[in-house]
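Participant: Let's see this in three dimensions:
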Amino acid sequence: MSESTAPGGIRNADLLGVYTNDHLASATGGIELVSRMLGRWRGTPYEPRLEELLDELREERSALEGQMRALGLPVRQYKQAAVWLGEKVSRAKLNGHLLSRSPLSDLVEFEFIATAVLAKRAGFETLRAAAEGEPRIDEALFERLIAQADKQHHWLADVRREVAAGVFGGHPGPADAAADT
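Facilitator: Below you'll find the model as predicted:
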């Protein structure tokens, strides 16, 4: 494998471009999913936090685009379009109901977005680490985004357990240690 180095010392700049475009596309999918979830949860206690999450996801996506521009990495629109389309197609999947929304959809959506937040956080950690060798990467930005992802995941883990209890019964209980890391 050949290594390419961009000005400023990023090793494998081409791979960094693929990596950041994948995370950017995932951010697009997350925004679409949370927008859909917000429509489902309007008028409930979850609405304000979903609105906040949506705003934060948009801000994070914009911040990632800004870092890509600062590094001279191209934004691959086709990846974002593919994820956007995939999110729309995923709405057609069956969850045990043909003509109505399944309660299982609520649980699956909260599980998916909670897992996606962890993946996003890992990406922020990777970019924060890359900042050690690249002054154009805003290390403080990624520190803030990591902390924000931690807050998001904690709330989503709590809600996921509440929704699961509503679907299957039982008590949601406290967050376990895995949800807090």
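
Participant: where along the protein do the helices fall?
Facilitator: 13-41, 47-70, 77-90, 103-130, 139-168 (DSSP state H).

Participant: pull the helix or strand with minimum mean pLDDT from the protein.
Facilitator: Here the helix or strand of the chain ranked lowest by mean pLDDT, DSSP states H and E is helix 77-90, holding a mean of 56.

Participant: And Asp22, how close does it get to Lys151?
Facilitator: Going from Asp22 to Lys151 by C-beta to C-beta, to the nearest Å gives 24 Å. For the C-beta atoms, the positions are set from N, CA and C on the backbone; glycine is no exception.

Participant: Same check on His23?
Facilitator: According to C-beta to C-beta, His23 stands 19 Å off from Lys151.

Participant: cool, and Arg161?
Facilitator: With C-beta to C-beta as the criterion, Arg161 and Lys151 are 17 Å apart.

Participant: out of the two, which sits in the busier spot?
Facilitator: Arg161 (20 against 14; other C-beta atoms under 10 Å).

Participant: pretty sure the more buried one is touching Pro172, no?
Facilitator: Yes. Between Arg161 and Pro172 a contact is recorded at 3.8 Å, counting by C-beta atoms under 8 Å.

Participant: List the contacts of the closest residue to Asp150 other than its chain neighbours.
Facilitator: With C-beta to C-beta, 6 or more residues apart in numbering as the criterion, Asp150 has its nearest non-adjacent residue at 7.0 Å, and that residue is Arg121. Residues in contact with Arg121 (C-beta atoms under 8 Å, 6 or more residues apart in numbering) are Ile146, Ala149, Asp150, His153.

Participant: Of the residues you listed, grab the buried ones for ChimeraX.
Facilitator: Applying 16 or more other C-beta atoms under 10 Å to the contacts of Arg121 leaves a buried subset, and the ChimeraX line that selects it is:
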select :146,149,153
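
Participant: Adding pLDDT and distance to Gln67, write the contacts of Arg121 out as TSV.
Facilitator: Conversion of the contacts of Arg121 to TSV gives the following (pLDDT from 0 to 100; distance: C-beta to C-beta, whole Å):
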residue	pLDDT	distance to Gln67
Ile146	98	14
Ala149	98	16
Asp150	98	20
His153	98	21
